[in-house]
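In: using only what follows, build the 3D model:
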Amino acid sequence: MSSNKSLAERAKLAKTILASRHSSIRSEHVEKKTRAALLEKKMSSANMSEPAKTQMRNDLAREEGVLEMERRKRMSQSDFESLSVIGRGAFGEVRLVRTLPVDSSTKVEIFALKSMKKSMMILKNQVGHVRAERDVLAEANTENRWLTVLHYSFQDEANLFMVMDYMPGGDLMTLLMKEDVFTEHVTKFYMAEAAQAISSVHALGYIHRDIKPDNMLLDARGHLKLTDLGLCKKVGEACSTDHPDVILAGLSKSGEINLSLSEMHPPRPPTMPAQSPSNPNSLASHFSNMSVEMADADAVPPSIAASEFNRTDKTRREMAYSTVGTPDYIAPEVLAAQNGQSGYSYSNVVDWWSLGVIMYECLVGYTPFYAEDPVTTCKKILKWQKCLSIPDETRRSVTPECLRFMSTLLSNADSRTSTFEQIVTHPWFNNFGWDGLHDCPGPLIPSGCAQMDEMLEFLKVCPKSDARFPHLIAEITANFDNFPDADGDEIDPNFVKPSRAEKDALTNQFVGYTYKRKKKPRLPISATLFDAQTNAST
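Out: Numbering: from 1, shown residues only. Here you go, the predicted model:
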């Protein structure tokens, strides 16, 4: 019976793959005809001579042929040269790599290559998560500034591979550990970028479900992108009107916000005087329904509370960072649903709760429900209305609008911020320059990134035998931990080649995993020639 079920599942999967390939071939044929028609239209409007038109047609045909060969080429690990290991875990690792040129005309590119062991994915029931990450990254187009771009995914007998943009700035957690706390204006910048990143995931029809500083990577200019989308859950169809750029444009057109404002990094707000809890209009009163002292007997055992307050903020974060599988950023309704409590379900507002926890951590120096063990953290989150408190020092150092905004994130699911539009129109973001946010450098440039573009360009041509190579790699990967790597292309000594049956079992689990991002045709004419067509087809 089980063999029949397995055969039926394989047949269903094969049917899905064939349908997908047929759809892809048909789509490519339509796009090819559209490009040819667009070229004819552009040439006619430019009053080009017939010989010049013929040359352009030949150029397009040649370029289409090159792209077709690239699409059909089967990718493998041998297409990349390993330069350094920048991440390693129980399931696999991440390497800094560069493409190996086929000939002198081939452009060398720098990527991050993520590899995952198939056997561990199956053993730990991670197959669905791997597929979810691949699917959402493949669905996002290259114009999405808020998600790490997936260029290729492929597999071999033992591993799955994902080739993505290299983000040299490290992650937001590393920056938080270095800075200890952020000022309010720095926090506002990262909340604005993170909100757009989260909204872009929601616009694709997914809930991220794992929003945390470790999953927010920084580029060389200090801008943020979301990564590690393995826990994403598909909850609907992609909706372009939910994309943050579309929302910002709509709000600007209606006059609700002014995108022309350019005050990205306003000066730090003046120190706020302590506010009296007895004043019903004070900020303390605003939080009174969600905040009590941490020493509350029902909130946390006295022994833990005492041990927490004897530690510095930096120590708390370092301990939290070292905890494997920390639940600090999980929304209470997610924990309630996982615990099987009746009537609990959750929507994409769980991601906005996680953003609120990160905002708290940026301003205070540690997460609001920190504990020495995950179980106690979960208990605090489930009793968040009793356990959440804002330190007096933080209250005095930030504006009332800042804390009010955070309260819209750290609140009950039914009253929590649920859309990007609500974030943009909140008073805390009044006079904030959303439009030019990505055009300016971030308020904190990651270590060693001032000359990163030049270093990455040199890395494309610098051979490993060059005496400067070790120092160059050290500078480029300075924001990542060091991992031993005797030989970047070595074969695992413990790897045993699987039998035919085992190989089939591993392969069947990941049928359809292969992906290759489409490239634009390159022609010796205006770079904007195919922009409209490409944007319409991606």
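In: and the strands in this protein?
Out: 80-88, 92-99, 110-117, 150-155, 159-164, 206-207, 216-218, 224-226, 233-234, 515-516 (DSSP state E).
In: tell me the pLDDT at T271?
Out: According to the prediction, T271 has pLDDT 34.
In: and for T174?
Out: So T174 comes in at 92 (pLDDT).
In: so where's the stretch 1-150 of the chain uncertain?
Out: 1-6, 9-10, 12-14, 16-17, 19-24, 27 (pLDDT under 70).
In: ranges for the helices of the stretch 201-350 of the chain?
Out: For the stretch 201-350 of the chain, applying DSSP state H, counting those that start in this stretch gives helices covering 244-254, 283-286, 302-309, 313-322, 332-338, 349-364.
In: lowest-confidence stretch among those helices?
Out: Mean pLDDT values for the helices of the stretch 201-350 of the chain show the minimum at helix 302-309, a mean of 32.
In: please name the nearest non-neighbouring residue to V149.
Out: Setting aside the residues directly before and after it, V149 is nearest to D165 in space (C-beta to C-beta, 6 or more residues apart in numbering), at 4.8 Å. C-beta here means a position set from N, CA and C on the backbone, and glycine is covered the same way.
In: from what I see, that neighbour and T148 are in contact.
Out: Yes - using C-beta atoms under 8 Å, D165 is in contact with T148, at 5.4 Å.
In: between the two, which contacts overlap?
Out: Residues touching both D165 and T148 by C-beta atoms under 8 Å, 6 or more residues apart in numbering: K225.
In: hmm, back to that, which of the strands of the chain sits closest to N430?
Out: Among the strands of the chain, the nearest to N430 by C-beta to C-beta is strand 224-226 (21.8 Å).
In: how about the closest one: buried residues?
Out: 224-226 (16 or more other C-beta atoms under 10 Å).
In: ok, now stretch 355-374?
Out: Across stretch 355-374, burial judged by 16+ other C-beta under 10 Å covers 355-371.
In: still on that earlier bit, let's have the buried residues of strand 224-226 in CSV, adding pLDDT and distance to A37.
Out: Below are these laid out as CSV (pLDDT from 0 to 100; distance: C-beta to C-beta, whole Å):
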residue, pLDDT, distance to A37
L224, 95, 39
K225, 95, 35
L226, 95, 37
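In: which residue ranges make up each domain of the protein?
Out: 2-72, 77-168+483-516, 172-429 (automatic domain parsing).
In: looking at D165 and T148, which is more packed in?
Out: T148 (23 against 19; other C-beta atoms under 10 Å).
In: give me phi/psi at that one?
Out: phi -60, psi 130 (degrees, to the nearest 10).
In: correct me, but it touches L137?
Out: Yes - T148 lies in contact with L137 (C-beta under 8 Å); the separation is 7.1 Å.
In: anything in contact with each of those two?
Out: Residues touching both T148 and L137 (C-beta under 8 Å, 6+ apart): M164.
In: show me where the stretch 51-200 of the chain has its helices.
Out: 118-123, 127-139, 172-179, 184-203.
In: and the last one, what does it pack against?
Out: To tie it back to what came earlier, the one meant is helix 184-203. strand 216-218, strand 224-226, helix 244-254, helix 349-364, helix 400-409, helix 420-424 (3 or more C-beta pairs under 8 Å, 6 or more residues apart in numbering; DSSP states H and E).
In: alright, that wraps it up for me.
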